[in-house]
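Q: Using only what follows, build the 3D model:
(one chain, ligands or ions: 1)
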Amino acid sequence: MNKVYLKRKISPRISNGHPWIFANEVEKTDEEIKAGDIVEVFFYDGKFVGKGYVNPKSQILIRLLTRNKKDEIDEQFFIDRIAQCWGYRQKIGYTENCRLVFGEADQLPQLIIDKFNDYFVLQTLALGIDVWKPAFVKALRQIFQPRGIYERNDIPVRELEGLPQHKGFLSEPFDTKILIQENGLKFYVDVENGQKTGYFLDQQDNRRAIRHIVRDAEVLGAFAYTGTFEIHAAHYGARSVLGIDISESAIKQAAENAELNNLQNIVRFETANAFDTLKQWAKDGRQYDVVMLDPPAFTKSRETIEKAITGYKEINLRGMKLIKPGGFLVTSSCTNLVSPELFLQIIDMAASDARRKIRQVVFQTQSSDHPIIWGIENTRYLKFLILQVQ
Ligand code: SAH
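A: Below is the predicted model of the structure:
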């Protein structure tokens, strides 16, 4: 196996457990590095670091798969890893739906597998993991008897790895509109045409957190996607719920989901741009007991972080202006580029601009099927906050 030696002066990140090695951290290699190969990595003094896959096309030259010298990286290695991922999810209480594999947090860098009861959606976002796709399919077949496996690799980030964007079946074709249950409610998940893998599993535990505050409330939900938070609100006893999203197809699905749960008389949906609409409704004097916001990331890179800060501040300011005194704001941020501390600062700025006093009710993160690994920053990404607004 090709051996890779790191430079003497590199950041402590790698010794602290982070799996990424950048090209400029490598001193020398035994042989020429070929994309997709598994290599053995050593510190400058010859101490073993781990084994990982390489791609010279990527800025991240190596992503480590193991720190154990005895591990052979072969098909069985991946089958065992995926079985371990399932064991862990079961242990912490997930049965029907979960993120089965969360990339770096599961020592399977750049691999995502979402489980929607008997169906699986897979993403391989780096070349070195993409080549093992047959092993992942085999693992899923061995562990689960899946009714279907779908690949959602229609993601621009793959191009940084020299990979094409692609989506399609990894099993016999099946009806890609899947029915799942969450907290006793039913939702359609369109794994072929929905956003990301079709459904935001990372909010599944947070959706329960609105249970008490929405009772008898008039609720507004923006960035509703397929209406999950809004339908939960109706289910938990809201008097009326309005959900908006900019995507017409998401809103269509949301309305269908409301009917599926026989809640169409309480919750309705409209296609609208949240920024314009919330501003206009505040001017019109509309007021709600609860406003829920779950906007997209606003930025993908540190260089444009200001854009995200402005976006979060603006939308939260507009949301707060629509809340009756003593009502609640339910607000999220899903990018790791905005730290939990920064997110709270942004909300604080929004509150002072809106001249509202706030009280923290709940502050939590993504559901625990998306593990957080200390030292791997991008595994800690979701912020979920409930505030009372005076
Ligand atoms: N709350 C959802 C996930 C929301 S994802 C859930 O738990 O399932 C973010 C959503 O914001 C996407 O559906 C996207 O279509 C929508 N969106 C993006 N920009 C928007 C805008 N300016 N106004 C309204 N919706 C927007």
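
Q: Asp71: neighbour count?
A: A count of nearby residues for Asp71, using other C-beta atoms under 10 Å, gives 14. Using the backbone N, CA and C atoms, a C-beta is placed for each residue, glycine as well.

Q: make that Val191, sorry
A: Val191, neighbours per other C-beta under 10 Å, totals 25.

Q: was I right about it contacting Tyr150?
A: Yes: the pair Val191 / Tyr150 is scored as a contact, 4.9 Å apart, by C-beta atoms under 8 Å.

Q: Would you mind listing the residues touching both of the two?
A: Residues touching both Val191 and Tyr150 (C-beta atoms under 8 Å, 6 or more residues apart in numbering): Tyr119, Val121, Thr176.

Q: Tyr188 is in contact with the last one, correct?
A: No: look at Thr176 against Tyr188 with C-beta under 8 Å: they stay out of range, at 10.3 Å.

Q: Surely Leu317 touches Asp353?
A: Yes: with contacts counted by C-beta under 8 Å, Leu317 reaches Asp353, the gap being 5.3 Å.

Q: So between those two, which is more surrounded?
A: A count of neighbours by other C-beta under 10 Å puts Leu317 above the other of Leu317 and Asp353, at 21 against 14.

Q: Give me the phi and psi angles of the residue lying closest to the more buried one once chain neighbours are set aside.
A: Nearest non-adjacent residue to Leu317, counting by C-beta to C-beta, 6 or more residues apart in numbering: Ala350, 4.2 Å away. Dihedral angles of Ala350 (phi, psi; degrees, to the nearest 10) stand at phi -60, psi -40.

Q: wait, what's in contact with Ala350?
A: Tyr312, Lys313, Glu314, Asn316, Leu317, Met320 are the contacts of Ala350 under C-beta under 8 Å, 6+ apart.

Q: before we move on, what about Pro146?
A: Counting by C-beta under 8 Å, 6+ apart, Pro146 touches Asp118, Tyr119, Phe120, Leu140, Ser171.

Q: so the fourth one touches Ile149, yeah?
A: Read that as Leu140. Yes: Leu140 is within contact range of Ile149, at 5.9 Å (criterion: C-beta under 8 Å).

Q: Find residues that contact each of these two.
A: With C-beta under 8 Å, 6+ apart, Leu140 and Ile149 have common neighbours Phe120.

Q: how's this protein carved up into domains?
A: The chain breaks down by automatic domain parsing into domains covering 3-66, 75-176, 200-389.

Q: Dump those to a markdown table, plus mean pLDDT and distance to the ligand.
A: Shown next, in a markdown table, are those (pLDDT from 0 to 100; distance: least, C-beta to the nearest ligand atom, whole Å):
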| stretch | mean pLDDT | distance to the ligand |
| --- | --- | --- |
| domain 3-66 | 96 | 27 |
| domain 75-176 | 98 | 12 |
| domain 200-389 | 97 | 3 |
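
Q: mind giving me JSON lines with the ones you listed and columns for distance to Asn183?
A: What follows is the domains of the chain, written out as JSON lines (distance: least, C-beta to C-beta, whole Å):
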{"stretch": "domain 3-66", "distance to Asn183": "34"}
{"stretch": "domain 75-176", "distance to Asn183": "11"}
{"stretch": "domain 200-389", "distance to Asn183": "6"}
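
Q: returning to that earlier point: which ones among the contacts of Ala350 lie within helices?
A: Among those, the members falling in helices are Tyr312, Lys313, Glu314, Asn316, Leu317, Met320 (criterion: DSSP state H).

Q: Just give me the neighbour total for the second one.
A: Going back to what we said before, that points to Lys313. 17.

Q: Quick one: residues in contact with stretch 351-366.
A: 202-203, 205-206, 209, 213, 313, 317, 320-321, 323, 328-329, 340, 344, 347-348, 372, 380-390.

Q: Write the PyMOL selection for whichever of those are buried.
A: To isolate the buried ones among the contacts of stretch 351-366 in PyMOL, judged by 16 or more other C-beta atoms under 10 Å, type:
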select buried, resi 202+203+205+206+209+213+313+317+320+321+323+328+329+340+347+380+381+382+383+384+385+386+387+388+389
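
Q: Just the ones in helices from the contacts of stretch 351-366, please.
A: Filtering these for helices - DSSP H - leaves Lys313, Leu317, Met320, Lys321, Pro340, Leu344, Ile347, Asp348.
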